[in-house]
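Engineer: got a sequence here, can you model it:
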Amino acid sequence: MWSLEISNIAGIRNGDIVLESGSNAVQASNWQGKTSLITAIKCVLGASVSSETLTSGANSGYIHLQTADAEYERRLERTGDSITVEGNAYLSEEDQQAAAELFAFLDETNAVRSAVREGNDLTPLLIDPLNRENIEGQINELKSKRESAETELERANEAAEQLPTKIDDINQLQTELSDLRAELDQIEGDSGDSSEQKQLRAELKQARQNREQASRRVNRLEGKIDSLESQIEKKEDELESLTVPSKSNLSEKLNNNRSKLHQVEQEIETLEALYNATNTVLDGDHFDLVTDIERQIDDDYLSCWVCGTETTRETVNAQMDKISDMIADRRDRRSELQATVSDLEKTQNDIDQKNRKKESLETSLKQLRTELSDSKDELAGANEELEDYTERVETLENQIEESNDRRKSIEKEIAQKEAEVESLKNEKESLEQRAEKREQLKKEVQESSEKIEELRSRRERVIQHARDAFDEALKDVVAKFNPSFEKARLRKHVDNSGRTTQLELVIARDGREISVDTLSEGEVELIGLIAALAGYEAFDLADQVPCILIDHLGSLASEHIHTLVDYLEERTQYLVTTAYPEAGEFEGNMISPDDWDVVSDDIKQEV
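Structural biologist: Numbering: from 1, shown residues only. Just a heads-up that it's a prediction; the model follows:
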């Protein structure tokens, strides 16, 4: 169920309504709030508002919607000649709101129904939600994405082309390395060096490797320390700029105001119960049921049915006015207390959030400082280790007799070529990784192109969907309502590029085209509703707003109204219909305006 609370919307001053799944009908004579209920539901769902939306003479109003999953409320304030709106509507997106006003809110002011009555072009209305989707912007975004993917694909193809050359270069270097090592082995074998010298050379090689590893470790630790110091400085600045207000007496104030609010709500409930019960006796003229009454020319004299005191109807009415004033005063007090409680709760949440932020920063700083201290200790050890290895390399180099320049040259060349091989292998790996993305990038380019084409054709697909939905609905109308015409369709006019320029409403009777002017008012309204439902189907509105609103069907016979309700009930979760009493009884949820406080009640009291 949907529960609605309405205050000062159109002709309804106050009213509570429950909508049930399926058909909901509000049936009453004029000036009882039927159209005002439709206005209120449109407002909370997200329709645009005007100065007439807010009750004449009222400075503020609201409508509150409670669904099974969430709450929605729109509040209206009068500022001079304009109306400001705050709160959250059921439909949050502009294109959804526009589509709902065109195709789901089918009251007398519905633009589609009006266009059919006046014989205007339906095309601008049927594609209005499309114009709000910024299709060109989406296409440009997809084009940018596709261009990026194409650029990456080009680089991936280049990488694939470069791979064979890179592999040949690696193989060539490895062949040269093999020749150099063979030559070095030969030189070392012919030199007659002792096993001790070979051992020194092995130690030197290991020492150089160790020195290189130590150097990389020092560089890594220095970079890590710089990063930690930067993080600490940033968090210290953030902590210093964080101000946490005091929570002194905040909980006490919040509890006190909540208690006051609860008390005021109980008082309102008690006074309203007393007022409604007494008002039932007064409005229903049930004095004879609860007391003896003596009707005279000047007034009705009776005994109070509570205390037995002699009184008059005028005195009872005066007391009822006082109780009404007491209820109004307490409602104002309730609004003030609700605002105060809301402000205090927000303040409390802000303070708690800032405290959590402060604790998080302090914990993070503690961890970062500990990590920084550990890293500095580790760096000191790494520097000592680097110095040791450097000294060891120098010592071993001094111990080794540089007797063979060729050997040193070969060793240097081997080291260089090994570095070149390693670099080429890294480049080869990078090229392979880039080349492996070719299929994925091709897929991305293809998908972007398909989405672009889909967006470009979306307008025509939606228009065709609307035409198909119109044709399908018309078949049902002809079968169910038996109108004077046998066919109606939306004839498409296109330009040289095949783009639809107009959807012309064509109606046929006895095989000949006729104008809307030759139809009855009821038939015109039926066609207007069918056109709106075509848009409802084309934009899949049932998935966005599960509600269809129908108002001002006075031109339809009562049996046709019932047929229409049965037809529409199958297409939406909540169908809300207004009707006069003479339309007969409706199935489903009947909504009575008897308990609403409506503007016409004031007029009756003045009369």
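Engineer: so which helix or strand takes in Glu269?
Structural biologist: Assigned by DSSP states H and E, Glu269 belongs to helix 250-283.
Engineer: for that helix, packing partners?
Structural biologist: Under the contact criterion of 3 or more CB pairs under 8 Å, 6 or more residues apart in numbering; DSSP states H and E, helix 250-283 touches helix 287-290, helix 313-399. C-beta here means a position set from N, CA and C on the backbone, and glycine is covered the same way.
Engineer: again, only this time at 6 Å
Structural biologist: helix 313-399 (3 or more CB pairs under 6 Å, 6 or more residues apart in numbering; DSSP states H and E).
Engineer: next secondary structure after the helix it packs on?
Structural biologist: By DSSP H and E, the next helix or strand past helix 313-399 is helix 405-436.
Engineer: show me what counts as buried in that next one.
Structural biologist: Judged by neighbour count (16 or more other CB atoms under 10 Å), helix 405-436 contains these buried residues: 407, 410-411, 414, 421, 424, 427-428, 431, 434-435.
Engineer: around the residue lying closest to Glu150 once chain neighbours are set aside, how many other residues sit close by?
Structural biologist: Of all residues not flanking Glu150 in the chain, Val445 sits nearest, at 5.7 Å (CB to CB, 6 or more residues apart in numbering). For Val445, the tally of surrounding residues (other CB atoms under 10 Å) stands at 18.
Engineer: ok, now the one 5 residues further on?
Structural biologist: Around Glu450 there are 11 other residues, counting by other CB under 10 Å.
Engineer: my guess is it is in a strand, correct?
Structural biologist: No - counting by DSSP: H, G, I helix; E, B strand; the rest coil, Glu450 is not part of a strand but helix.
Engineer: mind listing what it touches?
Structural biologist: Taking CB atoms under 6 Å, 6 or more residues apart in numbering as the contact definition, Glu450 lies against nothing.
Engineer: so which helix or strand takes in the nearest residue to Glu432 once chain neighbours are set aside?
Structural biologist: Excluding its sequence neighbours, the residue lying closest to Glu432 (CB to CB, 6+ apart) is Leu163, at 6.7 Å. Taking DSSP H and E as the criterion, Leu163 maps to helix 135-190.
Engineer: run the chain-centre distance for that helix.
Structural biologist: In terms of CA atoms, centre = their mean, to the nearest Å, the centre of helix 135-190 is found 45 Å from the chain centre.
Engineer: which other helices and strands does it contact?
Structural biologist: helix 405-436, helix 438-481.
Engineer: buried set for the next helix or strand after the longest one?
Structural biologist: In the C-terminal direction, the helix or strand that comes right after helix 438-481 (DSSP H and E) is strand 487-494. By 16+ other CB under 10 Å, the buried positions in strand 487-494 come out as 488, 490.
Engineer: residues making contact with strand 487-494?
Structural biologist: 467, 470, 474, 500-504, 506-508, 527.
Engineer: can you do 8 Å?
Structural biologist: Strand 487-494 is touched from outside by 122, 463, 466-467, 470-471, 474, 478, 500-508, 527, 530-531, 534, with contacts defined as CB atoms under 8 Å, 6 or more residues apart in numbering.
Engineer: quick one, what contacts Glu101?
Structural biologist: Glu101 neighbours (CB under 8 Å, 6+ apart): 42, 47-48, 110-111.
Engineer: element containing Gly528, please.
Structural biologist: In this assignment (DSSP H and E), Gly528 forms part of helix 521-538.
Engineer: any idea how far Ser449 is from Leu575?
Structural biologist: According to CB to CB, to the nearest Å, Ser449 stands 42 Å off from Leu575.
Engineer: more neighbours: which of those two?
Structural biologist: A direct count of neighbours by other CB under 10 Å for Ser449 and Leu575 places Leu575 higher, at 26 against 14.
Engineer: thought that one was touching Ser23?
Structural biologist: Yes - Leu575 lies in contact with Ser23 (CB atoms under 8 Å); the separation is 5.0 Å.
Engineer: what residue ranges in the protein are flagged as low confidence?
Structural biologist: Applying pLDDT under 70 to the chain flags the ranges 133-136, 186-197, 284-288, 290, 400-406, 455-456, 458-459, 601-607.
Engineer: which ones are touching the most centrally placed residue in it?
Structural biologist: Geometric centre of the chain, nearest residue: Ser92, 6.8 Å, by CA atoms, centre = their mean. Neighbouring residues of Ser92 by CB under 8 Å, 6+ apart: Gly46.
Engineer: just the element for it, please.
Structural biologist: With DSSP H and E as criterion, Ser92 is part of no helix or strand.
Engineer: cool, Glu77 as well?
Structural biologist: In this assignment (DSSP H and E), Glu77 forms part of strand 71-79.
Engineer: quick one: which of the helices and strands packed on helix 135-190 is nearest Gly15?
Structural biologist: Taking CB to CB, helix 438-481 is the member of these nearest to Gly15, at 33.1 Å.
Engineer: and the closest residue to Asn383 other than its chain neighbours, how far from Glu212?
Structural biologist: Using CB to CB, 6+ apart and skipping residues adjacent in sequence, the residue nearest Asn383 is Val218, 6.0 Å away. Distance from Val218 to Glu212, counting by CB to CB: 11 Å.
Engineer: which of the two has more residues huddled nearby?
Structural biologist: Using other CB under 10 Å, the more surrounded residue of Val218 and Glu212 is Val218, with 17 against 13.
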